[in-house]
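1. How does the following fold in three dimensions:
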Amino acid sequence: MSQRRHFKLTTYSIGGSASGTGAGTIRSNTISSFSPFTFSSAGKVIPNPLPVELLSFDAKPDGNVVNVKWATASEINSDYFMVQHSQDGIIFEDVEKVEAFGNSSTTKNYSAVDYEPYNDVSYYRLKQVDNDGKFAYSSIVSVKFQNANSLSVYPNPASGLFNISLSGQNGKEILLVVKDLLGREFYSRVVIVSNDKEVIAIDPSGKLAEGIYIVVATSDNNIYEKKIVIK
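-> Here you go, the predicted structure:
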């Protein structure tokens with residue numbers, strides 16, 4: 001029978017000015033498993049344990065997106081989690097904020113989706129923020145993601161305005177169409193993609209009732225489709 005491993009996040013109270021090197025990193029060409037340690041900044045810091053036990057943290061490609069999942073064994077006064085990604089394992093950007101359960105003594109499972117993952121190897125980490133503003137980072141996991149030509153639609157489900165992300169179509173003319181499952185068109189637009197990762201905001205202007213629709217992007221002889229739920 002395997003043993004369940006618990007790993008504590010650690011936060012820091014910073015006094016005075018800090019000096020020294022930046023945050024540590026781990027790099028790998030494969031998806032890393034969660035490790036029983038956390039990263040910290042060098043300088044004048046005093047470690048204080050944050051009252052959250054992290055059981056696991058993982059990120060895996062799934063088609064055109066990356067699914068991020070984690071679980072906590074216990075929480076005390078936990079406010080929220082922020083999923084972050086990076087191209088180099090040093091400079092991170094926010095992906096999605098997920099509200100925490102707050103107080104719990106049982107296992108809680110969380111998930112988030114990165115609809116705009118970096119191509120090739122990228123890095124993910126979890127920032128946990130307490131109700132009093134203290135925060136900590138998980139270990140870093142790496143993801144190998146290769147999808148030069150892709151179409152992503154988010155948020156999904158959407159209540160109105162949503163975004164279309166096109167990758168690998170720089171300089172091309174794209175026909176965007178939103179249709180229902182019966183093939184009836186409700187939105188059509190031609191765009192010229194100006195960079196390698198274009199994000200286009202789509203506003204159906206109240207034309208879409210609740211239901212499932214298909215977003216179609218046509219470029220040259222290539223057709224990309226994604227389903228979106230309007231609620």
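
2. Break the chain down into its structural domains.
-> Per automatic domain parsing, the domain ranges recorded for the chain read 7-145, 150-230.

3. Residues touching stretch 202-222, excluding its own?
-> 149, 151, 153, 160-164, 166, 169, 172-181, 186-187, 189, 223-231 (Cβ atoms under 8 Å, 6 or more residues apart in numbering). C-betas here are computed from N, CA, C, even on glycine.

4. Among the residues you listed, which are located in strands?
-> 151, 153, 162-164, 166, 173-180, 186-187, 189, 223-230 (DSSP state E).

5. Kindly list the single helix or strand of this protein that scores lowest on mean pLDDT.
-> strand 7-14 (a mean of 40; mean pLDDT, DSSP states H and E).

6. count of neighbours near residue 100?
-> The number of residues packed around residue 100, counting by other Cβ atoms under 10 Å, is 20.

7. ok, for it, nearest residue in space, not its chain neighbours?
-> With sequence-adjacent residues excluded and distances taken as Cβ to Cβ, 6 or more residues apart in numbering, residue 100 is closest to residue 78, at 3.9 Å.

8. Any regions of the chain where pLDDT drops low?
-> Under the criterion of pLDDT under 70, the regions of the chain flagged as low confidence span 1-50, 146-149, 205.

9. center of it, which residue is that?
-> To find the centre residue of the chain, average its C-alpha atoms and take the closest one (Cα atoms, centre = their mean): that gives residue 114, at 3.2 Å.

10. Give the closest residue to that residue in space, chain neighbours not counted.
-> Closest residue in space to residue 114, ignoring its immediate chain neighbours: residue 66 at 4.2 Å, by Cβ to Cβ, 6+ apart.

11. List the contacts of that neighbour.
-> For residue 66, the contacting residues are 59, 60, 85, 113, 114, 117, 122, 124, 143, 145, taking Cβ under 8 Å, 6+ apart as the criterion.

12. And it, how close does it get to residue 209?
-> Distance of residue 66 to residue 209, computed by Cβ to Cβ, to the nearest Å: 31 Å.

13. which of the ones in strands among the contacts of stretch 202-222 count as buried?
-> A residue is treated as buried here by neighbour count (16 or more other Cβ atoms under 10 Å); on that basis the buried members of these are 151, 153, 162-164, 166, 174, 176-179, 187, 224, 226, 228, 230.

14. What is the nearest of the residues you listed to residue 93?
-> Nearest to residue 93 among those: residue 163, at 16.1 Å, using Cβ to Cβ.

15. was I right about the closest one contacting residue 153?
-> Yes - proximity of residue 163 to residue 153 meets the contact threshold set by Cβ atoms under 8 Å, at 7.2 Å.

16. Which stretches in the protein count as helices?
-> Assigned by DSSP state H, the helices in the chain number zero.

17. Please name the residues that touch the closest residue to residue 231 other than its chain neighbours.
-> Nearest-residue entry for residue 231: residue 157, 4.7 Å, with adjacent residues in sequence omitted and distances by Cβ to Cβ, 6+ apart. The neighbourhood of residue 157, defined by Cβ under 8 Å, 6+ apart, consists of 228, 229, 230, 231.

18. gap between the two ends of stretch 203-223?
-> Its first and final residues considered, stretch 203-223 spans 21 Å by Cα to Cα, to the nearest Å.

19. How about stretch 201-211?
-> 19 Å.

20. buried sites along it?
-> Buried residues in stretch 201-211, defined by neighbour count with 16+ other Cβ under 10 Å: 202, 204, 208.
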